[in-house]
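Q: Mind looking at a prediction? Sequence and model below.
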Amino acid sequence: MRLRFTKMHGAGNDFVVLDATGAPLALSREQIRRLGDRRFGVGADQILVIERSTTPGVDFRYRIFNNTGDEVEQCGNGSRCFVRYVVDHGLTDKTTIRVETVNNLLELSLAADGRVRVDMNRPVFDLARVPFDASGLTPRLVNGFELWPLADAGVEVAVLSMGNPHAVMRVADVDAAPVAAVGPRVESHARFPRRVNAGFLQVLSRSEVKLRVYERDAGETLACGTGACAAVVAGIRLGWLDRRVEVHARGGDLLIEWPDDSASVLMTGPAVTVFEGEIEL
Ligand SMILES: N[C@H](CCC[C@H](N)C(=O)O)C(=O)O
């Protein structure tokens, strides 16, 4: 099968974007893995498949696959690249776009300076919906929010979902943090039945942080949009951060806002098209 694709990134988190708005696209797990393979394929952290939505009032649907071939629920940087793609390819003339994913409905808009602003919906703290198994654990409360001990990984984590699961831990210096050693142990910890994205958060001030994320399936990426949302929400709940935070990821900067505890999390950041191409799968 000859397949046209668009290579994009959002703050260095990179994607292969496939346009299935004209005709359905059914790819095998192996074909998804090939697209994501940096040696034998195009190479990307995730593969995004864009489709028209059949839901009234919703413009598009987009599916997200980690480069292992696993389909996942949410991708913050990917949602910004999705908007950039549909606008640049004339698939919509709207400036605010509603898109559904496997378990979420997002409202996205182009900002004046070319960045993309995404309403990432509300964070989920119900542990069963993350999912996280806290049975037998006693959390340490900070500002009334739980930090859960993962003794065998030697860390405490804040646990929440942005549609996909996140475990956030505070570190003194992200550049010195044991991401390669501790990331996989948290990602695959038995208390996360669907595994988890592991965020390493350094607080620079109440409105500025540095973040590294060891992503579920993908390993450390240069940025993780949902990870940035989860880290800022956890920091606000723990009393470390204000409601509008600049997040410095290794691949670029994201602006995260959580106006109040009942509001959606808003993320603003870059979305860049790198090249278009074709591949024989
Ligand atoms: N690895 C994530 C999916 C991609 C999320 C990330 N790339 C983002 O920008 O939110 C997961 O398995 O939940």
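A: Everything's here; your move.
Q: anything in stretch 123-137 near the ligand?
A: No. For stretch 123-137 and the ligand, the contact criterion (Cβ under 6 Å from any ligand atom) is not met; the two come no nearer than 11.1 Å. All C-beta atoms are positioned from the backbone trio N, CA, C, and that covers glycine.
Q: Also stretch 4-22?
A: Yes. Stretch 4-22 reaches the ligand (Cβ under 6 Å from any ligand atom) through residue 13.
Q: buried sites along that stretch?
A: Buried residues in stretch 4-22, defined by neighbour count with 16 or more other Cβ atoms under 10 Å: 5-21.
Q: With stretch 258-275 instead?
A: Neighbour count says stretch 258-275 has 258, 264-272 buried, by 16+ other Cβ under 10 Å.
Q: Tell me which entries of those residues lie within strands.
A: 266-269, 272 (DSSP state E).
Q: Can you add pLDDT and give these back as TSV?
A: What follows is these, written out as TSV (pLDDT from 0 to 100):
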residue	pLDDT
266	97
267	96
268	96
269	96
272	95
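Q: which one among the residues you listed gets closest to residue 63?
A: Nearest to residue 63, judged by Cβ to Cβ, of these is residue 267 at 19.7 Å.
Q: which one is the closest one nearest to, not counting chain neighbours?
A: Setting aside the residues directly before and after it, residue 267 is nearest to residue 118 in space (Cβ to Cβ, 6 or more residues apart in numbering), at 4.9 Å.
Q: do you know how far that neighbour is from residue 83?
A: Distance, residue 118 to residue 83, by Cβ to Cβ, to the nearest Å: 8 Å.
Q: any idea of the mean pLDDT in the helix or strand that contains residue 17?
A: Residue 17 is located in strand 13-19, with elements delineated by DSSP states H and E. If you average the pLDDT over strand 13-19, you get 98.
Q: what's that strand packed up against?
A: strand 2-10, helix 29-36, strand 46-52, helix 76-88 (3 or more Cβ pairs under 8 Å, 6 or more residues apart in numbering; DSSP states H and E).
Q: Pick the most deeply packed of these.
A: Comparing the helices and strands packed on strand 13-19 by mean neighbour count (mean count of other Cβ atoms under 10 Å), helix 76-88 comes out on top with a mean of 25.
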